[in-house]
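In: need the 3D shape of this:
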Amino acid sequence: YGHTAPLSDGGKAFCIIYSVIGIPFTLLFLTAVVQRIMVYSTWRPIMYVHTRWGLSKPLVALVHATLLAVVAVSCFFLIPAAIFSALEENWNFLESFYFCFISLSTIGLGDYVPGEAFNQRFRELYKLGIT
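Out: From the prediction side, this is the model:
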């Protein structure tokens, strides 16, 4: 959000090297994790419900996908937005939801930055957690 950035030439060089190495390794790691999780989060639950209750696979897959979408939206947008609207004095729920969406979509405009109030309790810990 433009507030934390390296100022020295060594810091800038470190960020470049770290990113060149870290981004591909992160993508490789996430790919491996997702491939292993997919079996347990998609195919097994669908097959279990299909064989146990005799429901059609397309119906079970649709209900399963809807349930996963609701859980994902709740975990990544609704719950954090509720927390931000409670912690940030000047933010309502829509502004908190907007911040979560803009941050997680990696747009990061910087128009809303949490933890900017100097009288905020546990401000340093809060800023570290947001980072």
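
In: name the helices or strands packed onto the worst-scoring helix or strand of the chain on mean pLDDT?
Out: Least confident helix or strand, the chain: helix 123-130 with a mean of 73, by mean pLDDT, DSSP states H and E. Packed against helix 123-130 by the contact rule (3 or more CB pairs under 8 Å, 6 or more residues apart in numbering; DSSP states H and E) you find no helix or strand. Quick note: C-beta positions are derived from backbone N, CA and C, even for glycine.

In: okay, buried residues for that helix please.
Out: Under the neighbour-count criterion of 16 or more other CB atoms under 10 Å, helix 123-130 has Tyr126, Lys127 buried.

In: averaged pLDDT, the longest helix anywhere in the chain. What do you get?
Out: If you go by DSSP state H, the chain has its longest helix at helix 9-38. The average of the pLDDT scores along helix 9-38 is 92.

In: kindly export stretch 18-37 (C-alpha atoms) in PDB.
Out: The C-alpha coordinates for stretch 18-37 follow below in PDB (Å, rounded to 0.1, in the frame of the first residue of the first chain):
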ATOM      1  CA  TYR A  18      13.700 -12.700  -3.200                       C
ATOM      2  CA  SER A  19      10.800 -12.200  -5.600                       C
ATOM      3  CA  VAL A  20      12.500 -13.800  -8.500                       C
ATOM      4  CA  ILE A  21      13.200 -16.900  -6.400                       C
ATOM      5  CA  GLY A  22      10.200 -16.800  -4.100                       C
ATOM      6  CA  ILE A  23       7.300 -16.300  -6.600                       C
ATOM      7  CA  PRO A  24       8.100 -19.400  -8.700                       C
ATOM      8  CA  PHE A  25       8.700 -21.500  -5.600                       C
ATOM      9  CA  THR A  26       5.400 -20.300  -4.100                       C
ATOM     10  CA  LEU A  27       3.500 -21.200  -7.300                       C
ATOM     11  CA  LEU A  28       5.200 -24.600  -7.300                       C
ATOM     12  CA  PHE A  29       4.300 -25.200  -3.700                       C
ATOM     13  CA  LEU A  30       0.700 -24.100  -4.100                       C
ATOM     14  CA  THR A  31       0.300 -26.300  -7.200                       C
ATOM     15  CA  ALA A  32       1.500 -29.300  -5.300                       C
ATOM     16  CA  VAL A  33      -0.700 -28.600  -2.300                       C
ATOM     17  CA  VAL A  34      -3.800 -28.000  -4.500                       C
ATOM     18  CA  GLN A  35      -3.200 -31.300  -6.300                       C
ATOM     19  CA  ARG A  36      -3.200 -33.200  -3.100                       C
ATOM     20  CA  ILE A  37      -6.100 -31.300  -1.500                       C
END
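
In: that's all I had, so thanks and see you.
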